[in-house]
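Chemist: Just a sequence and a predicted model for now, questions to come.
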Amino acid sequence: MASPPPIRLSPLDPGQVPLLQPIYDACSDYFRQSSGQPAAAEQAAADLQAAGQDEARHILGIFWEDNIAGIIDLRFGDPGPLDTRLGLILLAPEHRRRGIGSWALRILEAWLARDTPVEQVVAAVPANDHAAQGFFLANGYAFTGQSTRVLTGDTRTRLLEMRKET
């Protein structure tokens, strides 16, 4: 049996802005797609501070060989009390398409199943982002038939709900 890759998940706190902001800066493609512009210079600080003030929200660093490769932003109890919503799985471009995101998601799901009362993991994926949909489908998520529309700047984006039982 092959040994698992050198991946670990670790909570980030407001003092770790210097770890997170370079990930945001490297992922300008994601921010341009979702908001029309690159991440703001203080985006990491704002996100970590907001997560620190919300006991349900957590930002986990995805570490590959002890270097940060990306993040998972999640919220417990959303949309239901036994659900966890994945707000974002984001990997720096050099770490994409190497299985790191799938491994990180499996590690998260195993922890949720083992150590929390969470029954389902929920993701809202843009209807036009077929790569993200494929990622979640390949990792055992299914479309629920539910969708929402969100306004980002001048653009309305349709988000498709996907779920997986833990």
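Modeler: Thanks, I have it.
Chemist: Show me the strands in the chain, by range?
Modeler: Read by DSSP state E, the chain holds these strands, from start to end of the chain: 7-11, 57-64, 67-76, 83-91, 120-126, 142-152, 155-165.
Chemist: what is the mean pLDDT for the fifth one?
Modeler: Which is strand 120-126. Confidence over strand 120-126 (mean pLDDT, whole number) is 96.
Chemist: How about the shortest one?
Modeler: The average of the pLDDT scores along strand 7-11 is 94.
Chemist: what's the answer for the second one, then?
Modeler: Looking at strand 57-64 alone, the average pLDDT works out to 96.
Chemist: Tell me which other helices or strands that strand touches.
Modeler: For strand 57-64, the packing partners by 3 or more Cβ pairs under 8 Å, 6 or more residues apart in numbering; DSSP states H and E come out as strand 7-11, helix 17-26, helix 43-52, strand 67-76, helix 100-115. To be clear about C-beta, it is placed using only N, CA and C from the backbone, and glycine gets the same treatment.
Chemist: Generate CSV for the strands of the chain, with mean neighbour count and distance to Ser35 as supplementary columns.
Modeler: Supplementary listing: those in CSV, determined by neighbours: other Cβ atoms under 10 Å; distance: least, Cβ to Cβ, whole Å:
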stretch, mean neighbour count, distance to Ser35
strand 7-11, 14, 25
strand 57-64, 20, 18
strand 67-76, 20, 15
strand 83-91, 20, 12
strand 120-126, 21, 12
strand 142-152, 11, 5
strand 155-165, 16, 9
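Chemist: could those strands go into JSON lines alongside distance to Gln37?
Modeler: JSON lines is the format used below for the strands of the chain (distance: least, Cβ to Cβ, whole Å):
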{"stretch": "strand 7-11", "distance to Gln37": "28"}
{"stretch": "strand 57-64", "distance to Gln37": "21"}
{"stretch": "strand 67-76", "distance to Gln37": "19"}
{"stretch": "strand 83-91", "distance to Gln37": "16"}
{"stretch": "strand 120-126", "distance to Gln37": "17"}
{"stretch": "strand 142-152", "distance to Gln37": "10"}
{"stretch": "strand 155-165", "distance to Gln37": "12"}
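Chemist: Tell me the pLDDT of the closest residue to Thr166 other than its chain neighbours.
Modeler: Take Thr166 and drop its neighbours on the chain: the residue closest to it by Cβ to Cβ, 6 or more residues apart in numbering is Ala113, 4.0 Å away. Ala113 carries a pLDDT score of 95 in this model.
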